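Student: Sharing a model that was predicted from the sequence below.
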Amino acid sequence: MSQSYVLDTNILLYLIRGSAAGISIDQAYGLRSNLQRHIVSIASQAELHVLADRNNWNAAKREALRLMFENVVIVPIDSQGLIDAYVRIAAADSDWPEGPRNMGKNDIWIAATSLYSGVPLLTTDKDFIFLNNNPIQVMWADPATP
């Protein structure tokens, strides 16, 4: 059975760049061959558009970005359920037994998107691992593994 994921910004960036890590992650998780659509937080969409603007991406790379966003489900920040999920993730962040983790606000939105949608978060960022199985499922992909 195919698995849908909430794709973290870093996963999207690896896929856009077409790097060896992106190809490896794509193959390991069947991202492009999956018949189910993956989910992306609007925070990730905004982060990538800022990156494209800041780094003056060429037309081909911007087109790849546009096509990628056409093939995923973008979760906007406009529902009470997502706001409630944000509050829960922020609480998990501040109430961590070893002390607050101080997640970035966009990372909280991305994790909240996973909680709200009930879909595992796929990331290369170890900062999310502390949330695994409480309250979301985190799938960590090693970008160094070909």
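Tutor: Received, thanks.
Student: And the strands in the chain?
Tutor: Assigned by DSSP state E, the strands in the chain fall at 6-7, 38-41, 72-75, 121-123, 138-140.
Student: burial of the spatially closest residue to Ala21 that is not a sequence neighbour, as a residue count?
Tutor: Spatial nearest neighbour of Ala21, chain neighbours left out: Pro143 (4.0 Å); criterion: C-beta to C-beta, 6 or more residues apart in numbering. Heads up, the C-betas are built off the backbone N, CA and C, glycines and all. Residues lying near Pro143 (other C-beta atoms under 10 Å) number 17.
Student: phi, psi of Pro143?
Tutor: Main-chain torsions, Pro143, degrees, to the nearest 10: phi -70, psi -10.
Student: Would you mind confirming that it is in contact with Tyr14?
Tutor: Yes: counting by C-beta atoms under 8 Å, Pro143 touches Tyr14, with 6.6 Å between them.
Student: between those two, what contacts are shared?
Tutor: Both Pro143 and Tyr14 are contacted by Ala21, Ile25, Thr124, under the criterion C-beta atoms under 8 Å, 6 or more residues apart in numbering.
Student: Can you list the buried residues in the helix or strand of the chain with the lowest mean pLDDT?
Tutor: Lowest mean confidence among the helices and strands of the chain (mean pLDDT, DSSP states H and E): helix 20-29, at a mean of 92. By neighbour count with 16 or more other C-beta atoms under 10 Å, helix 20-29 contains the buried residues Ala21, Gly22, Ser24, Ile25, Asp26, Tyr29.
Student: residues contacting the first one?
Tutor: Going back to what we said before, that points to Ala21. Ala21 neighbours (C-beta under 8 Å, 6+ apart): Tyr14, Thr124, Pro143, Ala144, Pro146.
Student: now swap in the last one and tell me
Tutor: Listed by C-beta under 8 Å, 6+ apart, the contact partners of Tyr29 are Gln3, Tyr5, Leu122, Met139, Ala141.
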